[in-house]
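J.: Next one to model:
(chains A and B)
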Amino acid sequence: LVTYNTMVNGYCRAGRIDDARRLIDDMPFAPDTFTFNPLIRALCVRGRVPDALAVFDDMLQRGCSPSVVTYSILLGATCKASGYRQAMVLLDEMRAKGCEPDIVTYNVLINAMCNEGDVDEALTVLRSLPSRGCKTDAVTYTPVLKSLCGSERWKEAEELLAEMAINKCAPDEVTFNTIITSLCRKGLVDRAVKVVDDMSEHGCIPGIVTYSSILDGLSNEGRVDDAVELLRRLRSYGCKPD
RNA sequence: GUUUUCGUGUGCUAGG
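T.: Residues are numbered from 1 along each chain as shown, chains lettered A, B, ... in the order given. From the prediction side, this is the model:
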């Protein structure tokens, strides 16, 4: 079964949805949630949420129980298609069926709230996570930091970063890149360059994303020489420009 | 410290 699941996943990742379906129909084992999840996701990322929901119904009819992963996929897709308020229905549904949302589920939701401009709602969910037994991670915080920075709520962003440290949740490369990009977009390039130093101190390697964010910020201010200088520094950190 | 198979966060460019 794992063998077949691996191949179904391969077809799905390659976008060969029809081949994936054929393989599922022909496989000599009863497909399980690992079989269906990649198919559901492949349909969702192509915007075919109704088809994904049809597969979901099909798996239920075959007596295959959806997992927290299944619901998280559908939750994310519903958020993108119809907004998080619509998606909350799914959150309730999964809880009603005894499927407890996990940290990824909440990360999906928090991200959607941030994208829809409801950072404060996202913060409320974030703060509720410890009492729900979920360990927050860098992915939980990054979208919230992005939103706060985007609204220039710098102070709150710093407080949230401090909170991460208290929770022993280390910011990673993506977290730093997110902050750096936000600062650059607001014209605070010098501040962003300082964050690059913090980044290295935390053992994160500034990469191509870091560089292109800052380069963009610098060139928007006409500071091309500084950009070249920064490139030298990043090279010394082992970053190869593309 | 457990991913034999599934889900979440970051840039530039191009297109809209």
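J.: in chain A, which segments are predicted with low confidence?
T.: Using pLDDT under 70 as the threshold, the predicted model of chain A has low-confidence ranges A:237.
J.: A:Leu39 - how many residues pack around it?
T.: Counted with other C-beta atoms under 10 Å, the neighbours of A:Leu39 add up to 25. Using the backbone N, CA and C atoms, a C-beta is placed for each residue, glycine as well.
J.: Pretty sure A:Phe56 is one of the things it touches, is it not?
T.: No. Contact criterion C-beta atoms under 8 Å: A:Leu39 and A:Phe56 do not qualify, at 9.8 Å.
J.: export the lengthiest helix in chain A as PDB, just CAs?
T.: Criterion DSSP state H: the longest helix present in chain A is helix A:68-82. Listed next in PDB are the C-alpha coordinates belonging to helix A:68-82 (Å, rounded to 0.1, in the frame of the first residue of the first chain):
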ATOM      1  CA  VAL A  68      -6.200  16.000  10.300                       C
ATOM      2  CA  VAL A  69      -4.100  16.300   7.100                       C
ATOM      3  CA  THR A  70      -7.100  15.900   4.900                       C
ATOM      4  CA  TYR A  71      -9.000  18.600   6.800                       C
ATOM      5  CA  SER A  72      -6.000  20.900   6.800                       C
ATOM      6  CA  ILE A  73      -5.700  20.700   3.000                       C
ATOM      7  CA  LEU A  74      -9.400  21.400   2.600                       C
ATOM      8  CA  LEU A  75      -9.300  24.200   5.100                       C
ATOM      9  CA  GLY A  76      -6.400  25.900   3.300                       C
ATOM     10  CA  ALA A  77      -8.200  25.600   0.000                       C
ATOM     11  CA  THR A  78     -11.400  26.900   1.300                       C
ATOM     12  CA  CYS A  79      -9.600  29.800   2.900                       C
ATOM     13  CA  LYS A  80      -8.100  30.700  -0.400                       C
ATOM     14  CA  ALA A  81     -11.400  30.200  -2.400                       C
ATOM     15  CA  SER A  82     -13.900  31.600   0.000                       C
END
